[in-house]
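K.L.:
Below is the sequence, then the predicted model.
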Amino acid sequence: KRSVVLGCGSYLPQKVLTNAELAARIDTSDEWIVQRTGIRERHIAAEGEFTSHLAINAARAALEHAGLHAQAIDLIVLATSTPDNTFPATAVAVQNGLGIHHGAAFDLQAVCSGFVFALATADNFLRSGAYKRALVIGAETFSRILDWNDRGTCVLFGDGAGAVVLEAQDQPGSSSDRGVLTTHLRSDGRHKAKLFVDGGPSTTQTVGHLRMEGREVFKHAVGMITDVIVDAFNATGMTAEDIDWFIPHQANKRIIDASAHKLHIAPQKVVLTVDQHGNTSAASIPLALASAVKDGRVKKGDLVLFEAMGGGFTWGSALVRW
Ligand code: ACO
């Protein structure tokens, strides 16, 4: 069996926050932010707009793109680090919002790598035959956990959601067949204090704020990203030449450019949305994917490479024949 992508969709909150608006509030500048990160603006969820709302909108767009009714879905894996509540899982709010009352829905937390982890999880459930069709969603409201007085972090993140629909299909399983070809996940908790939230139910009984040693994250990012992509190449016999589109986690343009360069992936194959979305953590890959599908860049049969790295650290890659 193969997990074939039937469709994708995304959702961004209406409000756009520009670098200039940030510079009016804190000691920063458009020039500093663009030069260090490539970010120009980000979307911010409205009051009362929760991660589940963004996720439901993205899921509906993906179902419409796939030409499927919500009832066809029997598995929802939602990647988020900014759930509506400590529990229940935001995935069950999404399931209920879509009117689905069968199958299973759960959250998965791997911070910025969440979408790749969720894709790998759903892929394994579908290939095992346990479920037939899955919604894999990345949805975040990072604006709610930012310290808006910390210029080193608050300029980097944004809110949004993206989703894909996967279906288990009987396939001979060659690399030219459509579907998820391979996934590779890694984590190493020795780095857990480099990027974390300083609150939580068991520690402080508060939600807390994102804290990051930016330089430390930067230092490890490119090596980890390229290692796990080489794993994907080794597993499939594919090379950078075979890749049609590179859709990385959108944290920072400099990390993306350095990773593509190190892997010899041509710049014109790189999908970039970090300029418009900022870092939307688990939502960034499906947001970028949906924009590249919508504008006609990603076409049926294309080989698409996803990668992500984030808090934990966690990191991962996925190769998908679209
Ligand atoms: N505006 C203006 N100046 C700033 C800002 C800001 N928004 N933020 C920090 N500075 C200042 C610092 O105070 C410091 O000033 P000083 O020299 O007077 O002390 C100076 O800029 C340099 O600070 P650094 O943190 O060393 O700057 P650096 O060049 O490392 O850039 C950045 C910071 C952009 C965070 C970078 O380290 C980075 O991109 N790291 C990767 C982190 C990342 O992308 N994380 C996302 C989550 S993880 C993931 O998704 C992979």
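P.N.:
All right, it came through fine.
K.L.:
hey, let's count contacts and neighbours off CA atoms from now on
P.N.:
Fine.
K.L.:
In contact with the nearest residue to residue 50 once chain neighbours are set aside: list those residues for me.
P.N.:
Among residues not flanking residue 50 along the chain, residue 84 sits closest, at 6.1 Å (CA to CA, 6 or more residues apart in numbering). Residues near residue 84 by CA atoms under 8 Å, 6 or more residues apart in numbering: 50-52, 90.
K.L.:
what do you get for residue 68?
P.N.:
Residues counted as contacts of residue 68 (CA under 8 Å, 6+ apart): none.
K.L.:
and if you look at residue 117?
P.N.:
With CA under 8 Å, 6+ apart, residue 117 has these contacts: 79, 108, 110, 185, 316.
K.L.:
Check the gap between the residue of the stretch 1-150 of the chain found nearest the ligand and residue 228 for me.
P.N.:
Taking CA to the nearest ligand atom, the ligand has its nearest neighbour within the stretch 1-150 of the chain at residue 28, 3.6 Å off. As judged by CA to CA, to the nearest Å, residue 28 and residue 228 stand 34 Å apart.
K.L.:
Between these two, which has more neighbouring residues?
P.N.:
The neighbour comparison of residue 28 against residue 228 (other CA atoms under 10 Å) goes to residue 228, with 22 against 16.
K.L.:
quick one: contacts of the host helix or strand of the more buried one?
P.N.:
Taking DSSP states H and E as the criterion, the element that holds residue 228 is helix 214-236. With contact meaning CA under 8 Å, 6+ apart, helix 214-236 is reached by 152, 175, 181-186, 194-195, 238-239, 255, 258-259, 262-263, 307-309, 315-319.
K.L.:
Quickly list the domain ranges of this protein.
P.N.:
Using automatic domain parsing, the domains assigned to the chain come out as 2-169, 179-321.
K.L.:
Could you single out the most deeply buried of the ones you listed?
P.N.:
Across the domains of the chain, averaging neighbours per residue (mean count of other CA atoms under 10 Å) puts domain 2-169 on top, at a mean of 21.
K.L.:
Could you check how far stretch 184-194 is from the centre of its chain?
P.N.:
Between the centre of stretch 184-194 and the centre of its chain there are 17 Å (CA atoms, centre = their mean, to the nearest Å).
K.L.:
What segments of the stretch 201-322 of the chain are strands?
P.N.:
Using DSSP state E, counting those that start in this stretch, the strands of the stretch 201-322 of the chain run over residues 210-212, 245-248, 303-310, 314-321.
K.L.:
nearest to the ligand, of the ones you listed?
P.N.:
strand 303-310 (4.3 Å).
K.L.:
Show me where the stretch 51-200 of the chain has its strands.
P.N.:
75-79, 104-108, 133-141, 159-169, 179-187, 195-197.
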